[in-house]
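>>> Provide a 3D model corresponding to the input given below.
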Amino acid sequence: MPKLKTRKAAAKRFRATGTGKIVRRKAFKNHLLEHKSADKKRNMSKMAIVNERDAENVRFMLPYL
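Numbering: from 1, shown residues only. Now for the predicted structure:
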C-alpha cells in the first residue's frame, strides 16, 4: 500500500486536539484592526473548532492527523 500524501496547505491551517477534534484559526485578524475593539480582537485570537460538516473533508486532506 503506498503512502498517502498530506495536503501541505491544510497541514499549515489545521491541527488536532487531544480528543481528536480539528481546530482552526479565526478569520478577520490580519489587517484593518484599528476600528475593531480589543474584545473582538482578543476573541479572534482564540482557536475555533472546525464544523462537523467540514471536518470530514479536512481529515481527507490530512490522512495522518
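
>>> Need the mean per-residue confidence for the longest helix along the chain.
Ranked by number of residues, the top helix in the chain under DSSP state H is helix 52-61. Over the span of helix 52-61, the pLDDT mean works out to 95.

>>> pull the CA atoms of it into CSV?
Taking C-alpha atoms only, helix 52-61 is exported to CSV below (Å, rounded to 0.1, in the frame of the first residue of the first chain):
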residue,chain,number,x,y,z
GLU,A,52,-18.5,18.7,11.9
ARG,A,53,-19.7,19.0,8.3
ASP,A,54,-16.3,20.3,7.2
ALA,A,55,-14.2,18.1,9.5
GLU,A,56,-14.6,15.0,7.2
ASN,A,57,-13.0,16.9,4.3
VAL,A,58,-10.2,18.2,6.4
ARG,A,59,-9.4,14.6,7.6
PHE,A,60,-9.2,13.5,3.9
MET,A,61,-6.6,16.2,3.4
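
>>> which residues sit against that helix?
Helix 52-61 has contacts (Cβ atoms under 8 Å, 6 or more residues apart in numbering) with 6-7, 10-11, 14, 21-22, 50, 65. Bear in mind the C-beta positions are built from the backbone N, C-alpha and C, glycine included.
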